[in-house]
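# model the structure of this input:
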Amino acid sequence: MRASTYPLIDAGEAAALVLELTPVLGVERVALADASGRVLAQDLVGEAPLPPFPSSAVDGFAVRTEDAGRALRILGESAAGRPFEGRVVAGTAVRILTGGVVPEGADVVVMVEDVTVTGDQVTVPAQLREGSNLHKVGSDLRPGDLILSAGTQLGPAEIGIAAATGRARLPVHRRPRIALMSTGDELVEVGTSAGPGQIPDSNRWALLAALREAGADVDLLGIAPDEAEPLRRFVTGALATADAMVTSGGVSVGTHDLVKPLLESLGTVHVGRVKLKPGKPFTFATLEAGKVAFGLPGFPVSSLVTFEVFVRPALRKMQGFAQLQRPTLPVRLGYEAKPTAERTEYQRVTLHREDGELVAETTGSQSSSRLMSLAGAHALVRVPAGEVGIAKGTVVEAMILSLP
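Numbering: from 1, shown residues only. This is a model prediction of the structure:
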């Protein structure tokens, strides 16, 4: 064992440094079919009015308000995609279906339920209001209107408006390609027999799910060797095609913890230890060609908590998200949150409603090796370092992972 030469950095300072040094990835244009979940790279601005023509909101008759109360001669029909090509003049009407083009001369659509049809004539009510039951040109969107802002994640509605405005392809930020590996001779592949002192590699699969949920494409590398030169070859080969690397384990101060020295030789280690519980050994480095590396602790909970605090926001920055952090909500503590003297702690909690507000309950032992403390947790509660905890009943902001 050896003492760490890395200073202990405040967790908030470390998080800010990670974001400052993480690059935003380049832009590519993708087809609408491939745009779901991607992040818009440029503002989308209206180029033409929407709708581009006056259209009916109902089934009925297109008429002139001046002809209110009269029996009108029906000239023809305007259906969606099959407009009436003539003009509505005094004493006439055009049958119109929802979505049909309102013909020239008409300024109101009367619902079919409000008229009387006799042969080729229709009698309309005595009171008509100009513009009723029709969508005017540009009522949804005018040229120059901001449709979607850069940084918006594209969901069903956003893709729908892009299609409605004629965009077959959209400019989006690239998804980050992440090389994911675990380190440690004590690890074996899940499903194989563990020897003395060995355990299944659970972190890699947990992090794979977390990376994909955050929008990354993942190269799943497996378990890296615990020897310096084979590890170097393993890592440099993976980085040839990746934007970033995420490792689990190997970042403490044991003689077999080789990740930090390797990252030092490949780039600059900016964070080597943080005042965080769990997650003190978290490591962040910048490498050549704008690439970055995240060294996460080997304990399962430490690995996932540091992912939430440091890695997930960085991945969202890479993709151009406007909102980098998970949402927070005020919750009332249903327990006393005891602090750690020198480190900020993220405690795992479940949430339930009580008297109209969210109440947070501890998931039990907060040991960094106890994955059950995170499985099923709805949120993380930040407890500042110090000697005084947070009393039961206090309202605090919680980082929401999921809602019950």
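# how about the helices of the protein, start to end?
Applying DSSP state H to the chain gives helices spanning 11-21, 156-164, 203-213, 228-239, 259-266, 300-306, 312-318.
# counting by contacts, list what the fourth one packs against.
Put plainly, it is helix 228-239. If you count contacts as 3 or more CB pairs under 8 Å, 6 or more residues apart in numbering; DSSP states H and E, helix 228-239 packs onto strand 177-183, strand 217-224, strand 244-248, helix 259-266. Quick note: C-beta positions are derived from backbone N, CA and C, even for glycine.
# run the last query once more with 10 Å
Contacts defined by 3 or more CB pairs under 10 Å, 6 or more residues apart in numbering; DSSP states H and E place helix 228-239 against strand 177-183, strand 217-224, strand 244-248, helix 259-266, strand 283-287.
# return the most buried member of these.
strand 244-248 (a mean of 27; mean count of other CB atoms under 10 Å).
# circling back to that earlier point, what's the closest of the helices and strands packed on helix 228-239 to Gly91?
Relative to Gly91, the nearest member of the helices and strands packed on helix 228-239 by CB to CB is strand 217-224, separated by 65.7 Å.
# so the closest one versus strand 244-248, what angle?
40 degrees (axes from the mean of the first three to the mean of the last three CA atoms, to 10 degrees).
# in its sheet, which strands sit next to strand 217-224, and in what direction?
Partners of strand 217-224 in the sheet, by DSSP bridges, are strand 177-183 (parallel).
# any idea of the pLDDT on the spatially most central residue of the chain?
Nearest residue to the geometric centre of the chain (CA atoms, centre = their mean): Gln153, 6.2 Å. The model reports Gln153 with a pLDDT of 97.
# test my guess that it contacts Gly37.
Yes. Look at Gln153 against Gly37 with CB atoms under 10 Å: they come within range, at 6.6 Å.
# what ranges of the stretch 1-150 of the chain fall below the confidence cut-off?
Applying pLDDT under 70 to the stretch 1-150 of the chain flags residues 1-4.
# can you do 80?
Where the stretch 1-150 of the chain drops to pLDDT under 80, the residues are 1-5.
# just the stretch 201-350 of the chain next, same as before
Counting by pLDDT under 80, the stretch 201-350 of the chain shows low-confidence ranges at 250-257.
# let's see it at 90
201-203, 222-228, 230-231, 249-259, 298-300 (pLDDT under 90).
# related to what we said a few turns ago, which stretch among the helices and strands packed on helix 228-239 comes nearest Leu358?
Set against Leu358 and scored by CB to CB, the helices and strands packed on helix 228-239 come closest in strand 244-248, at 31.4 Å.
# what's the overlap in contacts for Gln153 and Gly37?
Listed contacts common to Gln153 and Gly37 are Val172, Gly215, Gln319; contacts here mean CB atoms under 10 Å, 6 or more residues apart in numbering.
# possible to save these as JSON lines with neighbour count and distance to Thr5?
What follows is those, written out as JSON lines (neighbours: other CB atoms under 10 Å; distance: CB to CB, whole Å):
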{"residue": "Val172", "neighbour count": "24", "distance to Thr5": "41"}
{"residue": "Gly215", "neighbour count": "19", "distance to Thr5": "35"}
{"residue": "Gln319", "neighbour count": "24", "distance to Thr5": "34"}
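# tell me which of those residues is nearest to Thr98?
For the shared contacts of Gln153 and Gly37, the nearest to Thr98 is Val172 (33.9 Å; CB to CB).
# which residue is the nearest non-sequential neighbour of the closest one?
Distance criterion CB to CB, 6 or more residues apart in numbering; nearest residue to Val172, sequence neighbours excluded, is Arg38 at 3.9 Å.
# then Pro384?
Nearest non-adjacent residue to Pro384 (CB to CB, 6+ apart): Thr344, at 6.0 Å.
# quick one on the thing from earlier: give me the subset of the shared contacts of Gln153 and Gly37 lying in strands.
Of the positions in the shared contacts of Gln153 and Gly37, Val172 sit in strands, assigned by DSSP state E.
# before we move on, back to that, okay, the helices of the chain, which one's buried deepest?
helix 300-306 (a mean of 26).
# packing partners of that helix?
Using 3+ CB pairs under 10 Å, 6+ apart, helix 300-306 is in contact with helix 203-213, strand 244-248, strand 273-277, strand 292-296, strand 344-354.
# about what we covered before: for the helices and strands packed on helix 228-239, which one sits closest to Gly131?
Proximity to Gly131, assessed across the helices and strands packed on helix 228-239 by CB to CB, is greatest for strand 217-224 (50.2 Å).
# just the CA atoms of the closest one, as CSV, please.
This file holds the C-alpha atoms of strand 217-224, laid out as CSV (Å, rounded to 0.1, in the frame of the first residue of the first chain):
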residue,chain,number,x,y,z
ASP,A,217,-23.2,3.8,-27.4
VAL,A,218,-21.0,1.3,-25.5
ASP,A,219,-18.1,-0.9,-26.5
LEU,A,220,-18.2,-3.6,-23.8
LEU,A,221,-14.6,-4.6,-23.3
GLY,A,222,-14.7,-7.1,-20.5
ILE,A,223,-12.3,-7.6,-17.6
ALA,A,224,-9.0,-5.9,-18.1
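# that one vs helix 259-266, what angle?
Interaxial angle of strand 217-224 relative to helix 259-266 (the same axes, to 10 degrees): 120 degrees.
# between strand 217-224 and helix 228-239, how many degrees?
Using the same axes, to 10 degrees: strand 217-224 against helix 228-239 is 170 degrees.
# neighbours of the residue nearest to Ala194 when sequence neighbours are not counted, just the number please.
Spatial nearest neighbour of Ala194, excluding adjacent residues (CB to CB, 6+ apart): Val188 at 5.1 Å. By other CB atoms under 10 Å, the residues close to Val188 number 16.
# Val188 contacts Pro196, correct?
No. Look at Val188 against Pro196 with CB under 10 Å: they stay out of range, at 11.4 Å.
# quick one, domains of the protein?
Annotated domains of the chain cover 8-26+174-318, 28-49+139-173, 55-135, 328-400 [automatic domain parsing].
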